[in-house]
Structures are given as C-alpha cells and as structure tokens.
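**Q** Here is a sequence with its predicted model. Questions after.
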Amino acid sequence: MNQQQQGNIFLFLAFSLAGTSVIAARLVSDRLGSFTITALSLLLGLLILVPLYGARLIPAIRQMKLVDWKMVILQAFFGIFLFRALLLGGLNLTSAGEAGLLTGAAPAITALLAWLVLRERLTAGIAAGTAFTVAGIFLIQGVANFGGGLLSASHLGGNLLVLAAAASESTFNMLSRLGNRSGNTDSGLDPVVQTTLVTIAAFVFSVVPAWIERPISSLSSLGLTGWLALAWYGWIVTALAFICWYAGIKRSSAYTAAAFSGMMPLTSMALSFFLLNEHVGYEQTVGGLAVIIGMWLIGRRPEKAVAQTI
C-alpha cells in the first residue's frame, strides 16, 4: 500500500469519526454550555493522550520554532475551539441532521479561501463544486418554502452558526495547507504529538469561558448517556479523529482532503436519522446530495502532494 492510499484511509476515518461529533454534541447540548462541552471533551482526550504519548512531547517541543507554535495555536483556535463553540451553539437552534449536512460547506469555503488568500488557481471543477454546495445549502435551509413560513428566525440563526463553524474548519484546513506549502516543521511533527499540542492549546482557550458558564450544577445531573457522549467526543472525535487527520494530510493534498470531508455530513445525516429519529425531508435530501456532489467536484483535482512518512 503506497503513501497516497494510506492517506486516503486516514482521511476517510478522520472525517467519518468527525461526523459523529454532531450526534455526541446533540446528546449533551441541551444540558451543558457550549464551552463546558468543549473543555470537558478536550480534558477527557488529554487524559488519554498525555499518559500514553507525553514522553514524545518534550523532544518535539525542544525542536519547535516560533512559527510552529503560532501554527499550533491558530489550528487549536479555529479547528477546535471556535469550530466547536459555533457548532454547539448552532445545535441549540437547529436539527442535528441539518447541522451535519451544513458542515459539508467546508470544502467550498476552503476552495474560496485558497483562491482569495493563497492565490491558488480556481478551476472549472472547483467553481462548479462551489456552486453545487451553495445551492445545496439553500435547499437544506428550506428557501424554496420561504413563502410558506417554514423558515423561522431561530432555525436560520442556528444554521448560520453552523455555516460559521464550517468556515472555521475551512480556515483550519487552509492553515494546514499553508504549513505544508511553506515547509514549516509543523508538517513534520508526529501526528500524535501535533494532536496533543493542539488539544492542550484548545483546552486553555476554553477553560475560562467554560468556568463562566458555571457547569458544576449541570454536571451533577448529567446521566450516563451524557458522560458517554462526552467521553466519545473527547477520546474518539478529539484524539483519534485528529490523529487520523494529521496522518492523512501529510500524505495527501488539501483537495483530496476536501473530497473525503464528504464523509462528515453523510455520517451526521445517517446517524441523525437512525439514532435520533430526526426527519429528513425531500429538500434536505436533495440539498445534501448537492453538497456531496459539490465536494466531489472540488476534490477531483489531481494529487500533487508529495508523499511523506510520519
């Protein structure tokens, strides 16, 4: 198995696991604040990562430069802290199924950022994929039924927060691409070490906002399902998914990663239907397919990344 095939497997696992975050968050978002969920899930992840891989941190930290620390901090802020705060806030105002599908806007936003910020060439396929994604978002939002009054202000607000979360994820993807392109040692960090450092930074960001939410009383009434959801969020969505992400992006181009990100909305929609019994209407189904087609079109760019071992 070559490096590109390994990268595809890692990215498939990363985004499939990330898609379960919407369901895990939904199970506790009505009882805990957004920053509390973020902080606790990160803490649970660190309780696994630090004891197992702490010995690797010191040698890696000694070799890191200022630019590496900046990249770790920015990835932690956009990829975990801000993304989860916006997603969790949106879940309080919209359904888990729609939230999962709307996260599929990330590849289109990533493509636009690459064109506007990184000055990468905008191909016909990327432009068509972006158009499909935007059209799908409008269908998911229910614009066709706007005159019938099916679109409430709170529903719109929640979906806008989820779209902002997708933009935050896209910024994280662009930062990862920027680090690989510029040859920063960030791209040479062990995926486990990089995941641990980014998780620590994100936890530091979330501690104070979580404390302001006064979570003690809410935690005391959290049942077994809630704690299991937090554990899944911390151990699987945070630790394992991010390790797979960093291992995959080292072996693949960002456009290939964008293509595989279609697994996130697919996983979220399927789990919302089967586990949460949420209704998926005709417009949401067609809109979701449009978003997925858009991601496929964006990800059809030929692989140009140089394979790199961990």
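**A** Nice, I can see it. Numbers count the residues shown, from 1 in each chain.
**Q** what is the mean pLDDT for whichever helix or strand residue 13 is part of?
**A** Assessed by DSSP states H and E, residue 13 sits inside helix 3-19. Regarding helix 3-19, the rounded mean pLDDT is 86.
**Q** Also stretch 216-233?
**A** For stretch 216-233, the mean per-residue pLDDT is 87.
**Q** quick one: buried residues of that stretch?
**A** Neighbour-count burial for stretch 216-233 flags 222, 226, 229, 230, 231, 232, 233 (criterion: 16 or more other CB atoms under 10 Å). C-betas here are computed from N, CA, C, even on glycine.
**Q** In CSV: the residues you listed, plus distance to residue 74 and secondary structure.
**A** Converted to CSV, those look like this (distance: CB to CB, whole Å; DSSP: H, G, I helix; E, B strand; the rest coil):
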residue, distance to residue 74, secondary structure
222, 32, coil
226, 31, helix
229, 28, helix
230, 26, helix
231, 28, helix
232, 26, helix
233, 22, helix
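**Q** among those residues, which two are most distant?
**A** With CB to CB as the measure, no two of the buried residues of stretch 216-233 lie farther apart than 222 and 232, at 13.9 Å.
**Q** Report how many residues lie close to the nearest residue to residue 130 once chain neighbours are set aside.
**A** Computed as CB to CB, 6 or more residues apart in numbering, the closest residue to residue 130 that is not its neighbour in sequence is residue 108, at 4.3 Å. The local packing of residue 108 (other CB atoms under 10 Å) involves 27 other residues.
**Q** cool, and residue 244?
**A** Residues lying near residue 244 (other CB under 10 Å) number 22.
**Q** wait, isn't it in contact with residue 8?
**A** No: the criterion here is CB atoms under 8 Å, and residue 244 misses it with residue 8 at 11.2 Å.
**Q** on that earlier part again, what helices or strands is the helix or strand that the residue nearest to residue 130 is a member of leaning on?
**A** Take DSSP H and E as the rule and residue 108 turns out to sit in helix 106-116. For helix 106-116, the packing partners by 3 or more CB pairs under 8 Å, 6 or more residues apart in numbering; DSSP states H and E come out as helix 124-141, helix 153-182, helix 254-260, helix 282-298.
**Q** how about these in a markdown table, adding mean pLDDT and mean neighbour count?
**A** Listed next are those as a markdown table, based on pLDDT from 0 to 100; neighbours: other CB atoms under 10 Å:
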| stretch | mean pLDDT | mean neighbour count |
| --- | --- | --- |
| helix 124-141 | 76 | 20 |
| helix 153-182 | 76 | 20 |
| helix 254-260 | 70 | 25 |
| helix 282-298 | 78 | 21 |
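**Q** Including distance to residue 17, could these go into a markdown table?
**A** A markdown table is the format used below for the helices and strands packed on helix 106-116 (distance: least, CB to CB, whole Å):
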| stretch | distance to residue 17 |
| --- | --- |
| helix 124-141 | 22 |
| helix 153-182 | 14 |
| helix 254-260 | 12 |
| helix 282-298 | 17 |
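**Q** Would you mind saying which of these lies nearest residue 271?
**A** Comparing those against residue 271 with CB to CB, the closest turns out to be helix 282-298 (13.4 Å).
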